[in-house]
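**Student:** okay, structure incoming, though there's no sequence with it:
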């Protein structure tokens, strides 16, 4: 990774990646990407975290889609 890219936050969702400015929360970044924050778990630098955590330069934010399903009660 180049020095310039480490000044940004790397955001990954599936096979897509974006570089964004630090200082925002994961929730703000999802909203800017037109994603519903309720549909994603946030991992910062490999740790599951709350989407209100503020991102710093060099952080890696991974968004993981939440999969839910109904129960099949008999």
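**Tutor:** Done, it's in. Please read all numbers here as calculations on a predicted model, not as lab measurements.
**Student:** which residues touch the helix or strand hosting residue 12?
**Tutor:** Using DSSP states H and E, residue 12 falls within strand 9-13. For strand 9-13, the external contacting residues (CB atoms under 8 Å, 6 or more residues apart in numbering) are 17-22, 24, 29, 33, 35, 40, 55-63, 65. Bear in mind the C-beta positions are built from the backbone N, C-alpha and C, glycine included.
**Student:** for it, the distance to its chain's centre please.
**Tutor:** 6 Å (CA atoms, centre = their mean, to the nearest Å).
**Student:** mind listing the helices for the chain?
**Tutor:** Ranges of helices within the chain are 3-6, 26-32, based on DSSP state H.
**Student:** out of these, which gets the lowest mean score?
**Tutor:** For those, the stretch scoring lowest in mean pLDDT is helix 3-6; its value is a mean of 54.
**Student:** distance of the nearest residue to residue 19 once chain neighbours are set aside from residue 51?
**Tutor:** For residue 19, ignoring the flanking residues on the chain, the nearest one in space by CB to CB, 6 or more residues apart in numbering is residue 8 at 4.1 Å. With distances taken as CB to CB, to the nearest Å, residue 8 is found 19 Å from residue 51.
**Student:** burial count for the spatially closest residue to residue 36 that is not a sequence neighbour?
**Tutor:** Excluding the flanking residues, the one nearest residue 36 by CB to CB, 6+ apart is residue 30, at 7.5 Å. Other residues lying near residue 30 total 22 when counted by other CB atoms under 10 Å.
**Student:** I'd say residue 30 and residue 63 touch.
**Tutor:** Yes. If you go by CB atoms under 8 Å, residue 30 and residue 63 touch, sitting 6.8 Å apart.
**Student:** hey, what's in contact with both of these two?
**Tutor:** Common contacts of residue 30 and residue 63, defined by CB under 8 Å, 6+ apart, comprise residue 40.
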